[in-house]
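Enquirer: Here is the input, now give the coordinates:
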Amino acid sequence: MIFSKSIQTHFISGILTLLVGISAIGNSAIAQPVVSNVDIVTTDSSATIAFDTDVATTALIDYGLTTGYGSKDSSIVFATSHSFLIDSLAENTLYHFQITVDDVLLNQTVTPDSTFMTNDVTGPQISNLMIVTTDSSATLTFDTDEPATSVIDWGLSAAYDSTQADTNLVTSHSIVLDSLAENTLYHFALTVEDSLSNQTITADSTFRTDDVTAPVISNLVIVTTDSSATLTFDTDEPATSVIDYGLTAAYDSTQSDTNLVTSHTVVVDSLLSGTEYHFALTVADSSANQTVTSDSTFMTDDVPGPQISNLIIVTTDSSATLTFDTDEPATSVIDWGLSASYDSTQADTNLVTSHTIVLD
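Expert: From the prediction side, this is the model:
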C-alpha cells in the first residue's frame, strides 16, 4: 500500500507525539511524591499532623511509643493537603511517627522516623516531705517527680505572712526557715512549679519548733500537819512532778505525779511530828526539759500532849499519893524508882481529867 506524502507526514507526527506521551508517562511513573510543610500541633492528649504533597496522594501515618509504632491512621482520598488528628494519647509523652504517601501510579514516599511530645499540663507531684526542727529553725526537704521551683508560704496562721523561695528547677528540694520562735506552732503551704508553669499547691500544714526551756515553778505553798505535808505549786507549761524528801539533803523518799499539768499538788504523809524535812522538786515537760529546785525544808507540826496542872504529892512513911489535872481526858502513867533510871511503873488507863495515883 502506498500512502501519499501528506498522510505519511501526519502518521510520522502522530507516532512522535505518542512516543513523547509515553516518555512523559514513563518519567511520571518513576517520580516519588514529595512531602513538605509538616506541621504538628499537640495538646496533652492529642496531636494534629498536617503536611503537603506536590501531587495528589493518599496518606498513612504510623505512630507509637517506639519506632516499632503499633498504631496507624490513614486516608484513601487523593489530595495535596493532608491533616490527621491522633487522639487518646498520654500526657507529656514522646511519640514516634512516620508518613507514607502513594500517588495514583502507586509511586510511594516514606518519611524518616520523627517524634512529637504531648503537652505537660499536670503540676509536679510532691513526695517524701520531711521537716526537721530546732528551737529556732525548720528545714523542709521533699522531692518532685519532675524539675520544679519551690515556694513555701508560712506564718503563725493559715493567712501566712512570710515566704521563702528556691528558683532552681530541681527534683530534690531543701528549704530552711530560721529566726523562728521556740516551741511555737507554724502554718505552711508549698507551691511547686515546672518549666511549663504547671503548679501544685499543698493544703495548709503545720510544724512546731522545739521546746528547749524547762518549766518554771511558781506559787509554792506548803501546808503541814503533825504527820504530813501538802505542797501545791504551778508551772508555766504542763509538766510532771517529783518530790524527793528526807531528814537530810541526801533524801531517802520520793513522791511523784506523772500527769502533765500546770497546777500541782503533792501530798507527803507518814511523817514525824515536829520534825524538819529536806526536799527538792523536779518538774519535766513533754520534751523532757527539767527544772530541779535547790534543797529546801519544811517542819511538821508539833502537837503537844495533854497539859498537866495542879500536881500535889502527899506522902506517908510508906506511900505517896499524886493528884493532878489534865486539860483534856487522858490516861496516866508514873514511872518511878530510886534513880532517874526508874524501875517501877503505875498506870491508870481511864481517860479522865482529874488523876490520882497511889504508890505504896
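Enquirer: which residues touch Asn92?
Expert: When contacts are counted by Cβ atoms under 8 Å, 6 or more residues apart in numbering, Asn92 touches Asp44, Met117, Thr118, Asn119, Asp120, Val121, Thr122. The way it works is simple: take the backbone N, C-alpha and C, and place the C-beta from them, glycine included.
Enquirer: got it, and Gln290?
Expert: With Cβ under 8 Å, 6+ apart, Gln290 has these contacts: Ala214, Thr282, Val283, Ala284.
Enquirer: Quick one, which of the contacts of Asn92 are buried?
Expert: Thr118, Asn119, Asp120 (16 or more other Cβ atoms under 10 Å).
Enquirer: now, which of those residues sits nearest Leu220?
Expert: Leu220 lies nearest to Asp120 out of those, by Cβ to Cβ, at 66.0 Å.
Enquirer: Quick check: chain neighbours aside, which residue is closest to that closest one?
Expert: In space, and not counting its chain neighbours, Asp120 is closest to Asn92: 3.9 Å by Cβ to Cβ, 6 or more residues apart in numbering.
Enquirer: Would you agree Ser287 is in contact with Ala214?
Expert: No: under the criterion of Cβ atoms under 8 Å, Ser287 makes no contact with Ala214, lying 9.2 Å away.
Enquirer: quick one: which of these two has more around it?
Expert: More crowded of Ser287 and Ala214, by other Cβ atoms under 10 Å: Ala214, with 20 against 14.
Enquirer: The stretch 1-150 of the chain: helices as residue ranges?
Expert: 5-29 (DSSP state H, counting those that start in this stretch).
Enquirer: what's the first-to-last distance across stretch 62-78?
Expert: Taking Cα to Cα, to the nearest Å, stretch 62-78 runs 18 Å from one end to the other.
Enquirer: starting at the chain centroid, how far to it?
Expert: 49 Å (Cα atoms, centre = their mean, to the nearest Å).
Enquirer: thinking again about what came up before, which of the contacts of Gln290 has the most neighbours?
Expert: Val283 (24 neighbours).
Enquirer: Please name the bridge partners of that residue.
Expert: Beta-bridge pairing of Val283 under DSSP bridges involves Ser241, Thr291.
Enquirer: Give me the pLDDT value at it.
Expert: Model confidence at Val283, given as pLDDT, is 98.
Enquirer: Check the one 4 residues further on too.
Expert: You'll see Ser287 listed with a pLDDT of 93.
Enquirer: Could you shift the numbering so residue one becomes 890, and keep it that way?
Expert: All set: I'll call the first residue 890, so the last point we hit is now Ser1176.
Enquirer: how many other residues sit next to the closest residue in space to it that isn't next to it in sequence?
Expert: Excluding the flanking residues, the one nearest Ser1176 by Cβ to Cβ, 6+ apart is Asp1100, at 4.2 Å. Other residues near Asp1100 come to 17 when the count uses other Cβ under 10 Å.
Enquirer: likewise Tyr958?
Expert: 16.
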